[in-house]
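S.K.: sequence unavailable; structure follows:
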Ligand SMILES: Nc1ncnc2c1ncn2[C@@H]1O[C@H](COP(=O)(O)OP(=O)(O)OP(=O)(O)O)[C@@H](O)[C@H]1O
Ligand SMILES: O=P(O)(O)OC[C@H]1O[C@](O)(CO)[C@@H](O)[C@@H]1O
Ligand SMILES: [Mg+2]
């Protein structure tokens with residue numbers, strides 16, 4: 001076991017924002033890496049709520065056994081309103097001081113990293129972020145922990161919808177998650193052969209959707225699936241279904257909202273490996289004196305990105321993929 005000669009003797013780990021499959025694998029990785037380097041590891045339960053209310057538990061390597069395959073987050077997560085206030089963060093700083101925590105590993109999305117940055121500026125607590133969100137919208141990593149599992153869950157569900165859509169010659173509008181991001185929608189749409197894919201990053205029009213339906217009819221397609229990201233600017237799935245029915249009364253139109261099913265379940269191999277690599281990287285980064293950075297993988301290489309960049313620049317949708325989707329739906 002290597003000797004820890006860095007200033008970091010105790011690390012706190014928390015999960016924050018929407019949970020994502022693989023967060024448990026990331027927690028396990030942080031705990032085991034701390035143990036390997038002779039650092040005490042504390043789990044903070046319920047994200048920033050746990051920092052404010054002193055929900056702190058010491059975690060050893062055996063306390064994270066049988067965790068790598070489990071969905072959700074064993075530490076629980078929260079969207080803490082109190083942490084958004086100065087007073088809330090002052091309480092959180094007292095907890096950090098009380099437990100002699102030298103640094104934090106924050107597993108979450110852009111909001112969680114924003115909270116961590118403000119906390120670091122106000123109270124000087126170093127931290128490294130691990131991108132854990134199904135949305136895949138964080139700059140500085142090709143994939144976020146949980147995205148691959150969520151995508152596969154969505155594809156599995158849409159395949160099933162296709163079976164019944166085909167049997168009844170129906171049009172389905174399927175809503176997938178992504179408040180501001182279309183990664184799940186675009187990739188699940190390509191993977192399931194959707195007629196059209198509507199995402200917040202693109203300017204869509206109802207006329208283009210109707211043209212797609214008409215082309216499909218000309219080609220003799222008897223059923224269609226349209227994938228709609230939750231944050232689609234054109235309108236929600238119910239409105240889209242209503243307008244479609246008004247335009248084509250002969251269509252048998254149905255709506256399915258996949259919802260939180262996409263956030264649960266056992267993580268895929270890709271998510272387990274990604275979470276494991278990033279958890280170790282976060283601990284090693286803190287030992288090396290890094291802070292206010294996010295650990296991510298770019299083209300199979302570990303990269304630390306300044307957290308401000310990770311928050312401000314969003315992962316961009318690949319225009320080539322949009323073209324592929326258009327070509328293949330004809
Ligand atoms: N400006 C801010 N100041 C202080 N804390 C913040 C700020 N923004 C976010 N946070 C904290 O981070 C938490 C998580 O943020 P948010 O709900 O945006 O989720 P996220 O981390 O972006 O994950 P996801 O988008 O995957 O759900 C918030 O509930 C809040 O406690
Ligand atoms: O479960 P909540 O808090 O309603 O959050 C839902 C949001 O969280 C996400 O799943 C990201 O974690 C988004 O895709 C979705 O819009
Ligand atoms: Mg977010």
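M.R.: Now that the structure is in, tell me what you want to look at. Being a predicted model, the structure only gives us computed values, none of them experimental. Numbers count the residues shown, from 1 in each chain. Ligands and ions are numbered 1, 2, ... in the order given.
S.K.: stretch 291-304 spans what distance, first to last residue?
M.R.: 10 Å (C-alpha to C-alpha, to the nearest Å).
S.K.: that one near ligand 3 at all?
M.R.: No. Applying C-beta under 5 Å from the ion, one finds stretch 291-304 out of contact with ligand 3, separated by at least 13.0 Å. To be clear about C-beta, it is placed using only N, CA and C from the backbone, and glycine gets the same treatment.
S.K.: close to ligand 1, is that stretch?
M.R.: No. Using C-beta under 6 Å from any ligand atom, stretch 291-304 never reaches ligand 1; the gap is at least 11.7 Å.
S.K.: mind checking pLDDT for the closest residue to ligand 3 within the stretch 201-330 of the chain?
M.R.: Closest approach between the stretch 201-330 of the chain and ligand 3, counting by C-beta to the ion: residue 311, at 9.3 Å. For residue 311, the pLDDT comes out at 93.
S.K.: and it, what helix or strand is that in?
M.R.: Per DSSP states H and E, residue 311 falls inside helix 307-312.
S.K.: pull out the buried residues from the helix or strand just after that helix.
M.R.: Using DSSP H and E, the helix or strand that directly follows helix 307-312 along the chain is helix 319-328. Residues of helix 319-328 classed as buried: 321-322, 325 (neighbour count, 16 or more other C-beta atoms under 10 Å).
S.K.: in JSON lines: the residues you listed, plus pLDDT and distance to ligand 2.
M.R.: Converted to JSON lines, the buried residues of helix 319-328 look like this (pLDDT from 0 to 100; distance: C-beta to the nearest ligand atom, whole Å):
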{"residue": "321", "pLDDT": "94", "distance to ligand 2": "19"}
{"residue": "322", "pLDDT": "93", "distance to ligand 2": "20"}
{"residue": "325", "pLDDT": "93", "distance to ligand 2": "20"}
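S.K.: tabulate those residues (JSON lines), appending distance to residue 48.
M.R.: Converted to JSON lines, the buried residues of helix 319-328 look like this (distance: C-beta to C-beta, whole Å):
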{"residue": "321", "distance to residue 48": "35"}
{"residue": "322", "distance to residue 48": "36"}
{"residue": "325", "distance to residue 48": "38"}
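S.K.: the residue of the stretch 201-330 of the chain closest to ligand 3 touches residue 110, doesn't it?
M.R.: Yes. Counting by C-beta atoms under 8 Å, residue 110 is a contact partner of residue 311 at 4.9 Å.
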